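Student: here's a sequence, model it:
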Amino acid sequence: METAYTLAVNFRRAGLYVQAEKMIDEVIAIETANGLRQNLPEAHYERGQLLVAAGRFADARTAL
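Tutor: Numbering: from 1, shown residues only. Presented below is the predicted three-dimensional model:
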């Protein structure tokens, strides 16, 4: 889980938004499926950050 989250952050910083979104979506899906809700706010925040960086402001507002 930590690796996928770290990859999402690094992909976002490198401008690889599609890959970052895939990684953070995996983190959110796995945490939701396993009931690990304490990390979900951070994952959704990261998803919002990458959507802002990608210029997808309406999607970012929904994620945040």
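Student: off-centre distance for the lengthiest helix in the chain?
Tutor: Assignment by DSSP state H gives helix 17-33 as the longest helix of the chain. Counting by C-alpha atoms, centre = their mean, to the nearest Å, helix 17-33 is centred 6 Å from the centre of its parent chain.
Student: just stretch 10-21 next, same as before
Tutor: Distance of stretch 10-21 from its chain centroid, counting by C-alpha atoms, centre = their mean, is 10 Å.
Student: number the residues from 51 up from this point.
Tutor: All set: I'll call the first residue 51, so the last point we hit is now stretch 60-71.
Student: show residues contacting it.
Tutor: L57, A58, V59, M73, E96, R97, Q99, L100, L101, A103, A104 (C-beta atoms under 8 Å, 6 or more residues apart in numbering). Every residue, glycine included, has its C-beta placed from N, CA and C.
Student: isn't the fourth one right up against A54?
Tutor: Yes - between M73 and A54 there is a contact under C-beta atoms under 8 Å: 5.0 Å.
Student: and the nearest residue to T82 once chain neighbours are set aside, which of the three is it?
Tutor: The shortest distance from T82 to any non-neighbouring residue, by C-beta to C-beta, 6 or more residues apart in numbering, is to L90 (7.0 Å). Three-state call for L90 (DSSP: H, G, I helix; E, B strand; the rest coil): helix.
Student: same deal with G105?
Tutor: coil.
Student: buried sites along the longest helix of the chain?
Tutor: Buried residues in helix 67-83, counted by 16 or more other C-beta atoms under 10 Å: Y67, Q69, A70, E71, M73, I74, E76, V77, I78, E81.
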